[in-house]
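**Q** using only what follows, build the 3D model:
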Amino acid sequence: MWSDLIAVGRDPSTGGYRRLAWTRTDHDLREWFSAAADSRGLDVTVDRCGNQWAWWGDPDANPGVVTGSHLDSVPDGGAYDGPLGVIAAFAAVDVLRGNGFAPARPLGIVNFCDEEGARFGIACAGSRLLTGALAPDRALALRDKDGVTMAEALVTAGRTTSIGRDDEALARVGAFVELHVEQGRGLAERESPVAVASAIWPHGRFRAELPGEANHAGTTRLSDRVDPTLAYARLILAARESAQRHGAVATCGKVRIDPNGVNAIPSLVTAWIDSRGPVGDDVRAVVAELTALAESAGGTLTEESWTDATTFDTDLRKRLSHALGEPPVLDTGAGHDAGILAAHGIPTGMIFVRNPTGVSHSPAEFAERDDCLAGVTALTTVLADLAGSPA
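**A** Numbers count the residues shown, from 1 in each chain. Model prediction:
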């Protein structure tokens, strides 16, 4: 399965992946998911938001235990973030069947669409739409860097624009367990190849609009310039300093400069800031300081998305830990679809697989083969425990 996916969406010049939502590459990934499910005799359904589900058993008769993750990536992302959880889910089903396991509850595998939000800017768009956390009108109006709206992208991909909360799909999910490569160094120096997640930090994305005055780069005196890149430079430095003061993190990783000419003073800088931390009030304090700085330059800082701290279901976490022999328990600053489902009230847990370097969202992202197989074993154990008896 890994070799089937390894080349899909890979940039040969960087080795990274560009698997953006509702593109031809995304279509190929979705076709792979459907084929993997069909070859196992699993029933494939697609909810109103485009998320794919593969079922062993009838979840309409009895809500099931679901696992899986996502297949999309950030620009130049790694091979493991998302796909490891989907591949491990199919592998776990293979192991269970090979062992003659007969689930008392339906087992489902999900491929959430647009988890990274790399194309339209909203992370976990598929699960947010599914649960009603993202309004359909807002989602459809989102634009990518080329000005294409999500509505237009859906139509091009052969999908309907009638998206939104899907109570029928949600009712089928009795519990959700997501396996994911760890995106930090929590397990890098520990003996355990896997961990159980306890919580996801609060996190948000914010858009800065910093206006300037377009002019000639050669004939305009420095004293006459209204250059928004100077305000952006101050914002970058302030984000780092403020995050350090408040015990949070802040990242200025995306920017658009208009008119983007080498010999033209910009008329506008649009920049995005990602801020996260263990304590929501600390993250909000960072954002408040950056908002004041943007406004002092005649600009704005607008919230595009916010997710409160997510604590995974305590009983389910304890059950996972017990089934896996009490591995380490970690919180994380990375957002996941599991967090969106947990916030909706679905009993949810996560299993992390060790990342020896801690590097993620990069072509250098990596996990040892033996650790990945240990993750499959852990997921198999958990699914057998959860689906081995009626709810």
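
**Q** how about the contacts made by the residue nearest to residue 169 when sequence neighbours are not counted?
**A** Sequence neighbours aside, residue 47 is the residue nearest to residue 169 in space, at 3.9 Å (criterion: CB to CB, 6 or more residues apart in numbering). Placement of C-beta: from N, CA and C, glycine included. By CB atoms under 8 Å, 6 or more residues apart in numbering, residue 47 lies in contact with 53, 130, 166, 168-169.

**Q** got the confidence number for residue 47?
**A** Note on residue 47: pLDDT of 98.

**Q** number the chain from 21, please
**A** Sure, I'll start counting at 21 from here, so that last one is residue 67.

**Q** for it, what are phi and psi?
**A** The phi/psi pair for residue 67 (degrees, to the nearest 10) reads phi -80, psi -180.

**Q** looking at the protein, which residue reaches furthest from the middle?
**A** Going by CA atoms, centre = their mean, the residue of the chain most distant from its centre is residue 239, 45.9 Å out.

**Q** could you report the pLDDT at residue 409?
**A** pLDDT, residue 409: 68.

**Q** same thing with residue 211?
**A** Per-residue pLDDT puts residue 211 at 89.

**Q** just grab the bridge partners of residue 63 for me.
**A** Residue 63 has these beta-bridge partners by DSSP bridges: residue 75.

**Q** that one: neighbour count?
**A** 15 (other CB atoms under 10 Å).

**Q** on that earlier part again, check the contacts of residue 67 against residue 203 and report the nearest one.
**A** residue 150 (22.7 Å; CB to CB).

**Q** what's in contact with the host helix or strand of the closest one?
**A** According to DSSP states H and E, residue 150 maps onto helix 145-151. Contact with helix 145-151 is made by 41, 67-71, 90, 132-135, 137, 142, 153-154, 156, 159, 170, 183-186, 189-190, 357, 360-361, 363-364, as judged by CB under 8 Å, 6+ apart.

**Q** gap between the residue nearest to residue 189 and residue 248?
**A** Remark: distance between residue 67 and residue 248 (CB to CB, to the nearest Å) = 42 Å.

**Q** do the same with residue 173
**A** For residue 173, the distance to residue 248 equals 29 Å [CB to CB].

**Q** the more surrounded of those two?
**A** Neighbour count, other CB under 10 Å: between residue 173 and residue 248, residue 248 has more, with 27 against 23.

**Q** now do the contacts for the more buried one.
**A** So residue 248 contacts 230-232, 286-289, 317, 319 (CB under 8 Å, 6+ apart).

**Q** that one and residue 284, how far apart?
**A** Counting by CB to CB, the gap from residue 248 to residue 284 is 12 Å.

**Q** wait, a helix at residue 394?
**A** Yes. Looking at residue 394 with DSSP: H, G, I helix; E, B strand; the rest coil, it is inside a helix.

**Q** wait, it sits on residue 207?
**A** No. Residue 394 is beyond contact range of residue 207, at 10.9 Å (criterion: CB atoms under 8 Å).

**Q** isn't residue 331 right up against residue 221?
**A** No. The criterion here is CB under 8 Å, and residue 331 misses it with residue 221 at 10.8 Å.

**Q** when those two are compared, which one has more neighbours?
**A** Neighbours per residue (other CB under 10 Å) separate residue 331 from residue 221, with residue 221 holding more: 23 against 15.

**Q** ok, the more buried one touching residue 329?
**A** Yes. Checked against CB under 8 Å, the pair residue 221 and residue 329 is within contact range at 6.4 Å.

**Q** same list (the contacts of residue 248) but as JSON lines, adding distance to residue 265.
**A** Below are these laid out as JSON lines (distance: CB to CB, whole Å):
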{"residue": "230", "distance to residue 265": "22"}
{"residue": "231", "distance to residue 265": "28"}
{"residue": "232", "distance to residue 265": "28"}
{"residue": "286", "distance to residue 265": "29"}
{"residue": "287", "distance to residue 265": "33"}
{"residue": "288", "distance to residue 265": "29"}
{"residue": "289", "distance to residue 265": "24"}
{"residue": "317", "distance to residue 265": "21"}
{"residue": "319", "distance to residue 265": "22"}
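
**Q** what do residue 394 and residue 207 both touch?
**A** By CB under 8 Å, 6+ apart, the residues touching both residue 394 and residue 207 are 213-214, 373.

**Q** next step: those residues restricted to strands.
**A** Per DSSP state E, strands hold the following members of these: 214, 373.

**Q** from the shared contacts of residue 394 and residue 207, pick the one nearest residue 335.
**A** Nearest to residue 335, judged by CB to CB, of the shared contacts of residue 394 and residue 207 is residue 214 at 19.6 Å.

**Q** can you get me a residue count around the residue lying closest to that closest one once chain neighbours are set aside?
**A** Residue nearest to residue 214 in three dimensions, not counting chain neighbours: residue 398, with 4.8 Å by CB to CB, 6+ apart. For residue 398, the count of nearby residues is 27 (other CB under 10 Å).

**Q** how close does residue 398 get to residue 159?
**A** Residue 398 is 34 Å from residue 159, by CB to CB.

**Q** picking that back up, most surrounded residue in the contacts of residue 248?
**A** Within these, most neighbours by other CB under 10 Å means residue 230, with 26 neighbours.

**Q** in what helix or strand does it lie?
**A** Residue 230 belongs to strand 223-231, assigned by DSSP H and E.

**Q** just the CA coordinates of that strand, formatted as CSV?
**A** Output of strand 223-231 as CSV, limited to C-alpha atoms (Å, rounded to 0.1, in the frame of the first residue of the first chain):
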residue,chain,number,x,y,z
HIS,A,223,-4.7,27.2,17.9
GLY,A,224,-5.8,29.7,15.3
ARG,A,225,-5.0,31.2,11.9
PHE,A,226,-5.1,34.9,11.4
ARG,A,227,-4.9,37.1,8.3
ALA,A,228,-3.1,40.5,8.3
GLU,A,229,-3.9,43.1,5.7
LEU,A,230,-1.2,45.8,5.7
PRO,A,231,-1.8,48.7,3.2
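
**Q** quick one: the closest residue in space to residue 47 that isn't next to it in sequence and residue 171, what's the gap?
**A** By the measure of CB to CB, 6+ apart, the closest residue to residue 47 outside its immediate chain neighbours is residue 177, 6.5 Å from it. From residue 177 over to residue 171 the distance is 11 Å, taken as CB to CB.
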